[in-house]
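Q: please work out how this folds:
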Amino acid sequence: MADGKSSGVARTQAGAAARIGIVLHDFAPGGTERIIIRLANHMAAAGRQVTILCGHDQGPARGLVGGGIVVRALNPQVSRGLGSRRRFAQRLAAALTTPAFDVLVGPGNYHLAVLAGLFDQGVTIPMVAKLSNPLDRPDLGRLRQALFARAKRSQTRGLARLVAMSRALAEEARTVLPAAPITVIPEPIIDRPSPTPSPSARSGPPRVLAAGRLVAQKRVDLALHAFAAWHEPGARLIIAGDGDERPALEKLARKLGISDRTQFAGRLPDLTTVFRGADLLLSTSAYEGFPATLVEAIVAGLPVVTTPSSVALPEIFCHPSFGTIATSEPTALAEALAAAWRGPPIEQEARRALAARHDAGASAALWLEMLDSVVAEQR
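A: Residues are numbered from 1 along each chain as shown. The predicted model follows:
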């Protein structure tokens with residue numbers, strides 16, 4: 001593998017998991033990549049030697065990697081595509097001929113197949129994976145869900161530990177993987193101290209933010225229909241994100257007569273600025289694991305209106321001022337937007353408690369404690 005540029009390698013702290021390898025196909029612009037890189041940065045800052053093992057070292061998330069982390073890409077590289085996870089696993093296994101790592105970490109469900117491939121290729125380094133999306137998917141139907149669950153049981157059979165992002169997600173995962181060792185660790189979402197947001201006077205028209213990839217899972221078309229059904233004078237919709245569905249969504253905005261009130265902002269490296277320019281967050285996903293953007297928005301002071309996309313939502317909406325979980329119908333979502341706009345501001349003690357629960361440094365410490373125990377158990 002070829003070494004990527006790095007300004008240095010973190011000094012190794014005494015600990016069973018002193019050398020951590022993170023298996024990451026590439027630096028795609030998704031939340032999974034953003035979260036694992038944030039976690040890796042904190043692990044390196046804690047003194048661990050962290051290496052990102054990737055099939056391809058390019059992508060929008062590459063710039064988030066801190067200087068204390070080594071990036072090693074396959075040479076030649078493996079881009080995403082049909083069969084790419086199998087090829088990535090085979091070639092990565094060949095490159096791991098010496099035990100250069102104490103533990104390997106997979107950042108989400110997409111990489112379960114890669115870790116399973118490493119296991120099948122005889123890699124004996126203990127492996128841990130985070131569950132980034134639900135394992136119980138009612139939208140698949142009974143037969144497809146049964147096949148999906150069977151595939152996940154096969155893909156996780158060689159793992160030393162699975163990490164769930166909430167208690168509810170862990171309970172859901174155990175219905176599919178009853179024998180799997182699952183640990184609950186809150187997501188490392190909040191990376192900076194969280195100042196008290198300036199209270200919104202709400203004197204001007206509301207600005208609604210919808211943030212995420214423009215793909216089928218996010219159902220941004222539903223966000224457009226919901227916004228069109230909210231007849232609030234002067235309201236504006238900001239869509240932060242990009243993807244294959246953008247042309248169709250722009251066409252739909254014109255058809256609904258809201259294109260003059262809808263801004264397609266494209267992919268943004270950081271949502272902090274756009275949070276400051278918005279009043280509400282609207283999330284219309286079909287399904288999510290633990291939707292980090294909702295936590296980021298609440299901590300930034302934005303009430304949230306969301307579809308029932310995750311069993312973890314009650315753990316996020318732990319205070320009524322945080323927003324509303326509405327049914328996946330445009331009218332219901334529009335009514336929820338109206339109520340959130342006229343409702344009270346977010347309660348500050350509850351906001352600070354949510355931020356503390358998802359502090360990135362605290363989450364990284366729990367991850368390191370768990371990885372140390374995994375490695376110690378294997379010796």
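
Q: C-terminal to the helix or strand of the chain with the lowest mean pLDDT, what's the next element?
A: Lowest mean confidence among the helices and strands of the chain (mean pLDDT, DSSP states H and E): strand 2-3, at a mean of 57. Sequence order places strand 19-24 as the next helix or strand after strand 2-3, per DSSP states H and E.

Q: do you have the strands of the protein handy? List them.
A: Per DSSP state E, the chain carries strands over the ranges 2-3, 19-24, 49-54, 69-73, 103-106, 127-130, 161-164, 182-184, 207-211, 236-240, 262-266, 280-283, 304-306, 323-325.

Q: nearest to Glu33, of those strands?
A: strand 19-24 (6.8 Å; CB to CB). Yep, even glycine has a C-beta here, placed from its N, CA and C like the rest.

Q: alpha carbons of that closest one, as PDB, please.
A: Output in PDB follows, covering the C-alpha atoms of strand 19-24 (Å, rounded to 0.1, in the frame of the first residue of the first chain):
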ATOM      1  CA  ARG A  19      -2.100   0.500  16.700                       C
ATOM      2  CA  ILE A  20      -5.500   1.000  15.200                       C
ATOM      3  CA  GLY A  21      -6.300   0.400  11.600                       C
ATOM      4  CA  ILE A  22      -9.500   2.000  10.200                       C
ATOM      5  CA  VAL A  23     -10.800   0.300   7.100                       C
ATOM      6  CA  LEU A  24     -12.400   2.900   4.800                       C
END
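
Q: who does it pair up with?
A: strand 49-54 (parallel), strand 103-106 (parallel) (DSSP bridges).

Q: in CSV: the strands of the chain, plus distance to Ala340.
A: Listed next are those as CSV, based on distance: least, CB to CB, whole Å:
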stretch, distance to Ala340
strand 2-3, 49
strand 19-24, 36
strand 49-54, 39
strand 69-73, 39
strand 103-106, 37
strand 127-130, 31
strand 161-164, 29
strand 182-184, 29
strand 207-211, 10
strand 236-240, 14
strand 262-266, 19
strand 280-283, 6
strand 304-306, 6
strand 323-325, 6
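
Q: quick one, which of those is nearest to Lys251?
A: Lys251 lies closest to strand 262-266 among the strands of the chain, at 11.5 Å (CB to CB).

Q: now that closest one: buried residues?
A: For strand 262-266, the neighbour count (16 or more other CB atoms under 10 Å) marks 262-264 as buried.

Q: contacting residues around it?
A: Defining contact as CB atoms under 8 Å, 6 or more residues apart in numbering, one finds that strand 262-266 is touched by 224, 227, 236-242, 246, 249-250, 253, 274.

Q: of those residues, grab the buried ones for PyMOL.
A: Buried members of the contacts of strand 262-266, defined by 16+ other CB under 10 Å, are picked up in PyMOL with:
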select buried, resi 224+227+236+237+238+239+240+241+242+246+249+250+253+274
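
Q: hang on, the earlier thing: out of the buried residues of strand 262-266, which comes closest to Val70?
A: Phe264 (36.9 Å).

Q: who does the closest one form a beta bridge with?
A: Ile239.

Q: do you know how far it is from Ser285?
A: Separation of Phe264 from Ser285 (CB to CB, to the nearest Å) stands at 18 Å.

Q: and for Arg379, the neighbour number?
A: Residues near Arg379, counting by other CB atoms under 10 Å, number 7.

Q: so what's it up against?
A: Ala16.

Q: and it, how far is that from Pro99?
A: In terms of CB to CB, Arg379 sits 12 Å off from Pro99.

Q: so what does the longest helix seen in the chain touch, helix or strand wise?
A: Longest helix of the chain, by residue count under DSSP state H: helix 360-378. Here helix 360-378 touches helix 31-45, strand 103-106, strand 127-130, strand 161-164, going by 3 or more CB pairs under 8 Å, 6 or more residues apart in numbering; DSSP states H and E.

Q: residue ranges with poor pLDDT in this protein?
A: By pLDDT under 70, the low-scoring segments of the chain are 2-15, 193-203.

Q: try it again at 80.
A: 1-15, 97-99, 138, 192-203, 269-270, 379 (pLDDT under 80).

Q: where exactly do the helices run in the stretch 201-350 of the chain?
A: Counting by DSSP state H, counting those that start in this stretch, the stretch 201-350 of the chain has helices at residues 220-229, 246-255, 272-276, 292-299, 313-316, 330-342, 348-357.
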